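1. Quick check, what structure comes out for this input:
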Amino acid sequence: MSSPHIKSAVVATAMAALDTGRTPERSVLREAVRVLLTILAARTPGQSVEVRVPPYGAVQCVPGPRHTRGTPSNTVEMDPQTWLAVATGRLDWAQAVTEGRVRVSGARADLSAYLPLELE
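-> You can find the predicted model right below:
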């Protein structure tokens, strides 16, 4: 099995559980979150925005001024289920922000230009 196939499979497994109202197994949820964060960071290189999905991961991405110390001025934070939904296009970015499911701060914290992510 190729690495992209494994990555797609774990995300598909997590989404299938969520789509049927179930909570994915913790290890599946964790891996799906990390896969999608890694894809975001690879496709949107930079260090001006920190995307946090506690307790599973955080990445820095988006071109612009580099953040080096303390709390970044541009942050995005959400729960794992919301991250999976916006990253896969099942939930619109603007809707998630409006509903308070995504907490953003800073002028560069709008990820709508980069989401949803396409799995390879």
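
2. where are the low-confidence patches of the chain?
-> For the chain, residues meeting the criterion pLDDT under 70 lie at 1-6, 67-71, 120.

3. at 50 what do you get?
-> 1-2, 5 (pLDDT under 50).

4. Strands of that one, start to end?
-> 49-53, 57-61, 75-78, 102-105 (DSSP state E).

5. Among the ones you listed, which comes closest to residue 95?
-> Across the strands of the chain, residue 95 has its closest neighbour in strand 102-105 (9.4 Å, CB to CB). No exception for glycine: its C-beta is placed from N, CA and C like everyone else's.

6. Show me what that closest one is packed up against.
-> Counting contacts by 3 or more CB pairs under 8 Å, 6 or more residues apart in numbering; DSSP states H and E, strand 102-105 is packed against strand 75-78, helix 93-98.

7. For residue 103, list the residues it contacts.
-> By CB atoms under 8 Å, 6 or more residues apart in numbering, the residues touching residue 103 are 75-78.

8. any idea how far residue 79 is from residue 51?
-> Going from residue 51 to residue 79 by CB to CB, to the nearest Å gives 13 Å.

9. out of the helices and strands packed on strand 102-105, which comes closest to residue 117?
-> Judged by CB to CB, the one of those that comes nearest to residue 117 is helix 93-98, at 11.6 Å.

10. picking up where we left off before, and residue 51 and residue 79? which has more neighbours close in?
-> Per other CB atoms under 10 Å, whichever of residue 51 and residue 79 has more neighbours is residue 51, with 28 against 15.

11. what's the closest non-adjacent residue to the more buried one?
-> Of all residues not flanking residue 51 in the chain, residue 76 sits nearest, at 4.7 Å (CB to CB, 6 or more residues apart in numbering).
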